[in-house]
Every structure is written in C-alpha cells, then in structure tokens.
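In: heads up, no residue letters with this:
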C-alpha cells in the first residue's frame, strides 16, 4: 500500500501521457482486482484520496465516476463510494502453470497455419487473431505520410535500405527508448519485418538446431512455431498469470540442463497479460547472467499498459546484461506496415548477417513514412486512446465470460494488451470447440497451440482487439453455450 | 543456323514486346559474338536477310544501322555491311568453370555483409551491387499507385496479408506467367519479401542443416550466404558461361553423393549471364527427376533478356517436375518495394509454414499498389526501355574493359541482365584490389564471394546498372590501371 503515500504533482498528465484521473482509477481497480478492497466495502473518500495522492478533488471525482461507469464502484447518496457488489461475480484468475521439466521438440506448424488463415478471415467474429481491427488502429495519419513519401521521395528510396534499416526511423526509436531508460545510438538498432523476423533473427543468432530455449508457459504460438521451424527445443517454465516466470524454476532448470537462451516477454505477455515487477525482472536477469545465458525479450505489447507507467524492458534495467530486445508496432498502430525492430546487443554482427539471408532489406518508403509519423507526435495521443478502448474491451469481455461461460471457468486479469486467457473446466476440449465455432462463424485461438506439449487443451485465448459490439457479445454467448454443452473431451493432460 | 529459315511475320513488334529490328540486330550480334561471322567478313545483304527472316527491307536496314551505331558492323559504300574490325578487340569469354567434386561448408558471411554495406554507399562509383540505379528504374508510376492505395485503402489494408499474400497481385502474376507457358492459379503463388526470402523458404522447405545443395559456379554470393545461414553445404557444378551447368557433371554428382536439392538460375544467371537452351534445361530436369531431387529455380533476371524472346523457366517446360520457382521485381523496377514471389509446387504447405516464422506477412499496401501497376500495362513498356539501356551499358563496359584492363583478361558475354564477370590474370588478387578501390571511391564485387571455396580470387563482377557516365568510364580506367599495377597476389587456387 506504499503507493497510497502522499505524492505532490501538479500536471494533469503524467509523463507517459496518461491522465491523472485514469492513473487513479487504475490504481483503485487494481486494489479491487487483487481483493484488497472487497465488494461492498467503502473506498477512501474523495477528500482523503485527493490528499493522499496529491491531486485535486475534481480529478479524484473524475476517477471515481469513471470507475462507476465501468461498474467497479457504486455511489451511495450521502455515504460515498463503495466497491460494486457485481465485482463479486468476477471469475478466479488461472493459477501458476505446471510444466514438464524436460525440453520438448515442437510440432504445431499445421495447427498454427490453420489458425492464422482463419484468424484473418473477415467473415468470422474476430476473437482469434491478436491483431486490433483497422478501424480501432485508425492509421490514416500514417497512410498520409506514406502517400507523401511515395510522391516526394519515391525515386531516391527505390533501392535496398542499409542493412540496419532507415536511419531516421532508428533515430526516432532510440529517442523513444530514452523514455524508459534505454540510452541507445541509432546504430544499436536493426529494423525488421515485424517482431516475427526480429525474434527469428535473435534465435538464429544465439542458437543452433537441436538447442533448447527456455520460454514462458503458456506462450504465444508464434514463438513455438519459430522454434519448430528452426529445429529448437522448448523448455516451458512455470508462469504466474500476474508476476510471470518463476525465478526459482528458471534457476533450477539452468542448473539441471543445457539451455542456450531464454525468451521472455518484457511485459504483458501473450496470452496471460502478466507484468513482472522491476525487482522480479532484475532477479531473473541475475540468474541468467550467472549462468551466461542470453535473454531474448519480446516487448511487442509494452506500449499497451493499463497501469500508471510503462514497464521497463529487461535491457534497460541492466544495460550490461546479455539481452536481445525485440518489438514492433504491429499491435499498436500498423500491422500492415511490418515495422519491427530489435537491439541485438553483442550479437549485432550475427543478426545483420542473418537478416541478409532473411529479407535483405525492409521497404525504405514505409520506414521513411513511419519516421515522419513518429516525429509528428501523433503516436502518443493514439496510444492513450487505444489503451482506454482495450481496457474497456477487456472489462466487458471478462464480464461476458463470467455471465455466459460454465462454472469453474477462470480468466486472466491482464495488466495491458488486448487478449484474455480463459481456462475452461478440464473436461472441455477447445480444439473440438474451435472446429465447431468456425462452422458458426466464430474464430478464437484454441489453447493447445500455446504449449509445445499441447497441455492447454481446455483453454482458449480470446482477442478484444475490435470495437465492442452486440455481434461480439452474441459470439461469446454462443461460445459459452457450446462450452457448457460440450461432451466430455479427451482426458486432461 | 536453322533460325535463318524464312519466317513470315507482319507485326513490327514480336509477342514479347521487342521490336523486330532489335530482334534481328541481336541475332546478328550473337553470330558475331560466337565467331560464326568473323571480323571483316561480309554479312548477308539486306535483300537476302529480309527475305530469309520474312521482314521488310526497311526493318532489316534499321537493324543494320543499329549494329553500325553499336560498332558491331561497318557499312562500306557500294559493297554492303561487314563485321567491324574492332569487334576483333573483343576479349575472350571465360571458359567453363572447374569445381571441386565434394560439397563444402560456406563461410562468407562477414565478406558478404561488408560488400553489401559498401555496395549501398551512394558516394562510391556503383559497380558493386547488382541493383539498377533509381533513375534508370524510374518507378514514379508505381509510387503514384502506392500513394493512391495509401490514401484510398489505407484503413482496410492495415492488417496482416493472407498467408500467400495479396490475391490481386497473385492473379496478375499468374496472368504474366501464362505468357511463358505457365498455367497457374493465383493459389499456386506465394508473395515474399524479395527473391531472397523466396530462396530461403524454398531451401528450408526441402533441406535441413547438414544437407548438400548443388549450385552453379560461380554463383550469386547471396545464395552462398543463405546456404551458410541455413547450415547447408554447397556442391559447385562446372558452369559454362554460355550454356550453364553441365548436365554430365550434374548426373555424375547425383550418382556419387547425396544431394538434397539443386538450385539453378532459370536464365541469365548472376554473375555469368548465361542462358541454357530449352533442350538443355529439359535434359537437366530429366536427370533431377530420375534421381528424385527437387530443383529450386531463380528467375530474377528472366525479364531482362537481350535476345528474341524470354527464356522459359524450368517449371513451365515440365509442369510435372519437382520445381520451386522463385523470382522478384527487384532487378527490373522496384528493389525498394520488396515484391518477390514463388511457386512452391508440391512444397506449398511447408513453405507457408516457414513464411509464418520468417516475415509472417508482406505489406498489403505495397502489394496492392504493385497489382495496380501491373494491371496498368506500364511494366512491359518499361522493360523494353531498360533492356535497351542495359544492353548498351554491357556493350560499353565490355569495350572499356578491353581498352583498360591487363592483357589476358576475359569477360563474360551475358545474354541479358546487367552484370559482367571479369577474369583477370591469375596473379591478381581482387580482394586486395577491392580494399584499394574502396579507398579510391569505387565499389565492385570481388570474385572470392562467388564460390564456397573462394576459388575466384582473380575475378570480379561489375554492375552495369547505372546510366553510363564519364565517372563510370574513369572508374574502369582506374580499376584497369590498378589491376595492371597489382603486385603478384596469393597463388592461384
């Protein structure tokens, strides 16, 4: 509760661009989520909280009204604000994952390709693919920068980009990284075709066929798929849905077996949405450094945090550690522009060599336009908007799940991003549900592709990346009914 | 000489878009090149040739005047046209390459990266990188299509492309392929990030670390680099600078060792510019089919032929053969757009799976704009123009080499493309020459990166992809002087 100490600030907007009332609302909502403030209990008065947090009464009132709108708080006349009783209906969060202690080869490619092809089918209700809908991304300003670059600089840019990519964009990225403590030169950065190419290059730079990579569990199926294509083995680590990978388990794994690299989310991992605190991250880094194992960090969701501030990437917490940082703008503004980037650290030469055999070069015009877009300052405004939309979507979808899904269902409480991880009762086989849902025009991501051992066969990932609609709400109702009516599936693994 | 049989045609433009006088000029030039028509000898009269070729006297006259302009023929008053004496000054072409009979691992990455980084330095005379200069490519129409797509379709295209890529562009490519006999569906095609990604996906689809791939020798260093990154071994095959890989040598290699795939240029290979005739290609295909070895064909230069017609790719000559076709538009119009494509044939599923771990998706807007550009018909007009420019550049550079380079120099006589392969006397080490040339502001491609065994240490590749200029001519004079003055290098390998 040390965050309730008085803090004096005068600006309405905190440095990362969040409004102060949003910051307070998030803080209170988290206390409710974690059971610190119980349903029906009184929350601190406006006078008290505004004093404690060093803000005006008006700002505190704005925060409480926002929480009232979201159904987290209830106002009682002459009495103040209380935690809503309906918050009681919240489902339990999943427990920390149990994982096998030996590395496994991966064999998911066909299932992943099938999911990807369906997830991009616009006729299906889009709960499958972790990509925000184009309407939400509203990248019209970026498109105008591209149109201008094509008109004005088409001729000079019609060649291969330098091996690291367009310098202006790398400079803009280095400037952004300075906000979360990264002191970078543009030459530390390599542009890639999305985060996918960045992760593949990072893995190729540090590991060879047959090597073992330690990863979160559940983990993004794209990572597992890349391990499969590169003939790498996956060692899944127990992962807590709030705090991430368990340092003790990592330490034990590193003692017991030969692990070539560790691949973790910087924050807001896909599918759990968990964010380790800085001290937890430093603890993980110390363990990896002790065993001389490089970390590949995936920060693709880092800008979509719901809390007070952006989580600091591993590489910025300890610049001396052996870390390859990977990210992209595909989740925040432009999956269609394929703007990924990485900081290979001491692996720069190997990464550049491998990039020459992968894509050789990105599109200079697209990189150029993106540099102009970032320079224009529109990105931060845009981020503030979509964070709010995603947070609302997550809240609405969580509520719909608690209404429609069978008893015993657990759901993640992500601290950002736009996906939910749903654990259904173990008798339910979500692979069977997936086939049936496709027939009914609904796509989701079945749980089995989030583990090399396909252990999450009773889970699913739902994307909240599209504007909320009755179509989506009905699809959740249908999924819930299908889950309740599902015959006993394969035995739990 | 069966091509001198009478052929009646009435159109001034042959089906592939070349003018008939150009076609005739190429034909005569080839007879001179190959020594069929000797310097000083009389060429067929205008009356005779126009009768034999089924064309008007005016067209034949236009062809002979073009050859006169190029210095290939001389007109003698009252006597007719003769092969120019200066044609005698032509340098010998390289002989068929000698190659080791065992596969080799590749270790070129650092040298290739260094070349690539220098080759894209605009301050150097651009003889190093096989990429046409943006002025020559003149892709302004394409840029306007991109600007329009960004304005009109930015929102809907801001998502991942389908796994094969934009359907409209695949349809346009299938229609173009029909011209050279390929009967394709858009679904047979996968769009890639340049030909680089296509070749990498093709190799990943058919081979695993440690496998051996049979290739041309000398071969494009990008292919060797990709083999290195994928941990594949290279078996170099003897390659004739006019007719390509020797079928006997291929047959012998396949009998003697385990070869997982063969990677050949469809035509106009880089760096020799050789084009095997159709029957030679069919012979190679029959050998590969007999040994059940897939062929990966690289057709990236296919549209830049100097002769009468486009060479038919292997895959179109025998649609039943196990061939993966790869190409791109990077050499003809837009290296900056990264539009590559491939036809994986029976390896479609594996290629799509691997593409998901490589780039996941291309840029929908760029693919969209390219489809519009192809539909507009401008590409064929553009090709006719740049073929003429490249042919002239090749001729001028060949002449400059014969003037400036040391005695004993041999130079390729490419049937298309825009690179020349130069064999210097064996005492000269072009790697040393490369370092010295960079200091003098000149970039070329040193020969050692064109072989896994670095056997071409006395050779160089020169690019003719920029408009001819005195700057380029002076650079060639400088290179020639440096080569003449070079101390004895390392012993020949």
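Out: Yep, that arrived. Bear in mind the structure is a predicted one, so any value in this text is a computation, not a measurement.
In: tell me which residue of the stretch 151-300 of chain A lies closest to chain B.
Out: residue A:154 (3.1 Å; Cβ to the nearest Cβ). Where C-beta positions appear, they are placed from N, C-alpha and C, glycine not excepted.
In: same deal with the stretch 1-150 of chain A?
Out: Closest point on the stretch 1-150 of chain A to chain B, by Cβ to the nearest Cβ, is residue A:143, at 3.1 Å.
In: is it correct that that residue is in contact with residue B:147?
Out: No: here residue A:143 does not reach residue B:147: they are 9.6 Å apart, not a contact under Cβ atoms under 8 Å.
In: so for these two, which sits in the more crowded spot?
Out: residue A:143 (26 against 23; other Cβ atoms under 10 Å in any protein chain shown).
In: neighbours around the nearest residue to the more buried one once chain neighbours are set aside, how many?
Out: Distance criterion Cβ to Cβ, 6 or more residues apart in numbering or on different chains; nearest residue to residue A:143, sequence neighbours excluded, is residue B:154 at 3.1 Å. If you count neighbours by other Cβ under 10 Å, residue B:154 ends up with 24.
In: contact partners for residue B:154?
Out: Going by Cβ atoms under 8 Å, 6 or more residues apart in numbering or on different chains, residue B:154 touches A:139-140, A:142-143, A:146, B:365.
In: what does residue A:181 give?
Out: By Cβ under 8 Å, 6+ apart, the neighbours of residue A:181 are A:312, A:316-317.
In: so what's the backbone phi/psi at the residue of the stretch 151-300 of chain A closest to chain B?
Out: Taking degrees, to the nearest 10, you get phi -60, psi -50 for the backbone angles of residue A:154.
In: that one and residue B:154: what is the separation?
Out: Note on residue A:154: its distance to residue B:154, by Cβ to Cβ, to the nearest Å, is 17 Å.
In: for chain B, what are the nearby residues on the stretch 1-150 of chain A?
Out: Residues of the stretch 1-150 of chain A found near chain B, taking Cβ under 8 Å from any Cβ of the partner chain as the criterion, are A:109-110, A:112-113, A:116-117, A:120, A:129, A:131, A:133-135, A:137-140, A:142-144, A:146-148, A:150.
In: equivalent analysis for the stretch 251-400 of chain A, please.
Out: Residues of the stretch 251-400 of chain A lying close to chain B (Cβ under 8 Å from any Cβ) are A:334-338, A:349, A:352-354, A:356-366.
In: drop anything exposed from those residues.
Out: Buried members of those, counted by 16 or more other Cβ atoms under 10 Å in any protein chain shown: A:334-338, A:352-354, A:356-366.
In: phi first, then psi, for residue A:121.
Out: Main-chain dihedrals, residue A:121, degrees, to the nearest 10: phi -80, psi 110.
In: I'd assumed residue A:443 was in contact with it.
Out: Yes: between residue A:121 and residue A:443 there is a contact under Cβ under 8 Å: 6.9 Å.
In: circling back to that earlier point, among the residues of the stretch 1-150 of chain A next to chain B, which ones are buried?
Out: Among the residues of the stretch 1-150 of chain A next to chain B, those classed as buried by 16+ other Cβ under 10 Å are A:109, A:112-113, A:116, A:120, A:129, A:131, A:133-134, A:137-139, A:142-144, A:146-148, A:150.
In: for the residue nearest to residue A:319 when sequence neighbours are not counted, grab phi and psi.
Out: Of all residues not flanking residue A:319 in the chain, residue A:183 sits nearest, at 7.2 Å (Cβ to Cβ, 6+ apart). Dihedral angles of residue A:183 (phi, psi; degrees, to the nearest 10) stand at phi -100, psi 90.
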